[in-house]
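Visitor: The following block contains a protein sequence and its predicted model.
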Amino acid sequence: MKIIIVGLGNAGKHYLNLLKFKKEIELYVVDKKKLPKNKSYSQITFNQIKKNRMFFDSAIISSPSGSHFKHAYFFLMRNSNILIEKPFVLRLSHAQKLIKITKKTKKKCWTTFQNRHNLAILKLRKEIKQKKIGKINLVDCMMIWHRDEKYYKVDWRGKYSSDGGVLNNQAIHLLDILIYIFGEIKYFDVFASFNKNKLQAEDLIMINFLHKNGVYSSLKATTRADQDYRSAIDIIGSKGRLIVKGISLNTFNRFNKDLLVKEKKHSEEFKLGLGPISGMGYGHQKILNEFLSSRKKSSQNLEIEKNYYLLKVIHSIYNNITKRKKFNSIKNVKSVLG
């Protein structure tokens with residue numbers, strides 16, 4: 001089996017570490033930087049691929065966000081199965097084009113939302129489906145992370161034309177889980193803040209949602225913190241409360257008589273950095289195993305046509321941020337109470 005990884009950033013390196021010792025895989029890499037020679041893979045260029053008419057069973061796209069479409073399109077047109085890091089593309093028209101091609105070619109084109117495979121998220125989804133905590137009254141999501149000026153000096157980061165802000169790059173995982181578990185959005189309201197010295201796009205965002213099933217949820221995210229603190233989803237039901245938290249939503253916690261109890265059976269230990277127990281967790285490995293198998297469909301609905309809706313929600317939110325001129329203010333107040 002011939003596999004190519006496009007782009008060796010953090011995600012690309014993670015895929016490389018997961019694949020490089022598999023004897024049944026002939027591994028190739030495309031990256032702008034000249035890499036040291038390595039027995040576990042071969043570095044090639046797009047020109048070499050075109051000139052030699054090279055074929056790959058699968059292509060893993062982990063290049064910068066704004067390049068995802070052209071790289072996915074390049075390999076789809078060469079009859080490869082495609083696995084794309086989040087966000088799978090930036091433009092709605094590009095998403096529609098890839099979906100059209102995959103329907104015609106019958107090739108896999110999945111996007112990576114690894115947190116869907118976390119034990120804690122799987123348990124949470126099951127409990128919500130089974131109504132273990134009754135009617136869901138409120139869902140509160142928060143992500144407090146750190147990204148410094150050095151991070152944003154990379155030319156494509158923090159721009160709407162090539163990446164997006166904290167919502168599309170980091171908090172997309174929380175938004176994905178919100179929609180995955182609680183369903184499509186009926187209404188939303190948003191406030192965002194911009195640090196113009198660091199990036200063009202937002203680095204702080206607060207969004208309130210009303211889902212079509214009547215659930216109220218909120219998402220708050222920032223990269224302004226002095227370090228990576230946490231991600232968390234707090235669910236308040238009529239019969240109880242559940243919290244999934246950790247570096248990457250990796251621990252499942254239940255309130256029991258006012259005490260927050262971590263359920264080890266449904267939790268995983270992650271840490272910062274690369275590797276199988278890093279903040280990236282075990283999800284990439286699980287997705288790869290499914291993707292490289294003969295199965296046609298993802299067990300966690302990772303096909304791009306099923307994630308097109310998420311892209312539409314993000315565009316709707318960004319349209320609201322960039323076009324909104326006025327917010328409610330505390331003036332000319334009329335008495336309502338008493």
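Guide: Looks like it arrived, so ask away.
Visitor: And the pLDDT at residue 273?
Guide: We have a pLDDT of 51 for residue 273.
Visitor: and residue 218, helix, strand or coil?
Guide: The three-state label given to residue 218 by DSSP: H, G, I helix; E, B strand; the rest coil is strand.
Visitor: what do you get for residue 281?
Guide: Residue 281 - assigned by three-state DSSP - is coil.
Visitor: got a list of what it touches?
Guide: Residue 281 makes contact with 114, 115, 117, 118, 248, 250, 268, 270, according to Cβ atoms under 8 Å, 6 or more residues apart in numbering. To be clear about C-beta, it is placed using only N, CA and C from the backbone, and glycine gets the same treatment.
Visitor: In strands only, show me these.
Guide: Using DSSP state E, no member of the contacts of residue 281 falls in strands.
Visitor: of all the residues you listed, which comes closest to residue 304?
Guide: Proximity of the contacts of residue 281 to residue 304 (Cβ to Cβ) peaks at residue 114, which lies at 15.5 Å.
Visitor: So, low pLDDT: which residues of the stretch 101-250 of the chain?
Guide: 196-197 (pLDDT under 70).
Visitor: same thing but 80
Guide: Residue ranges of the stretch 101-250 of the chain with pLDDT under 80: 196-198.
Visitor: circling back: greatest separation within the contacts of residue 281: which pair is it?
Guide: Between all members of these, the farthest pair (by Cβ to Cβ) comes out as 117 and 270, at 12.5 Å.
Visitor: circling back to that earlier point, out of the contacts of residue 281, who's nearest residue 237?
Guide: The closest of the contacts of residue 281, once distances to residue 237 are taken by Cβ to Cβ, is residue 118, at 20.4 Å.
Visitor: What are the boundaries of the helices in the stretch 51-200 of the chain?
Guide: 68-76, 92-105, 119-129, 149-152, 166-169, 172-182 (DSSP state H, counting those that start in this stretch).
Visitor: Centre of the chain to the fifth one, how far?
Guide: Spelled out, that is helix 166-169. 9 Å (Cα atoms, centre = their mean, to the nearest Å).
Visitor: average pLDDT for stretch 66-85?
Guide: For stretch 66-85, the per-residue pLDDT averages 97.
Visitor: Kindly report the same for stretch 46-62.
Guide: 97.
Visitor: Give me the buried positions along that stretch.
Guide: 49, 56, 58, 59, 60, 61, 62 (16 or more other Cβ atoms under 10 Å).
Visitor: which residues touch that stretch?
Guide: 1-9, 11-12, 15, 28, 30, 44, 68, 71-72, 74-75, 78-85, 108, 291-292.
Visitor: Please repeat the previous calculation with a cut-off of 6 Å.
Guide: In this structure, residues lying in contact with stretch 46-62 by Cβ atoms under 6 Å, 6 or more residues apart in numbering are 1-7, 11-12, 15, 68, 71-72, 75, 80-85.
Visitor: Straight-line length of that stretch, end to end?
Guide: 15 Å (Cα to Cα, to the nearest Å).
Visitor: Can you check which of the helices of the stretch 51-200 of the chain gets nearest to residue 223?
Guide: It is, among the helices of the stretch 51-200 of the chain and with distance given as Cβ to Cβ, helix 166-169, at 5.1 Å.
Visitor: The closest one: which residues count as buried?
Guide: 166, 167, 168, 169.
Visitor: okay if I get the residues you listed as CSV plus distance to residue 220?
Guide: Formatted as CSV, those follow (distance: Cβ to Cβ, whole Å):
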residue, distance to residue 220
166, 10
167, 11
168, 16
169, 16
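Visitor: Much appreciated, bye for now.
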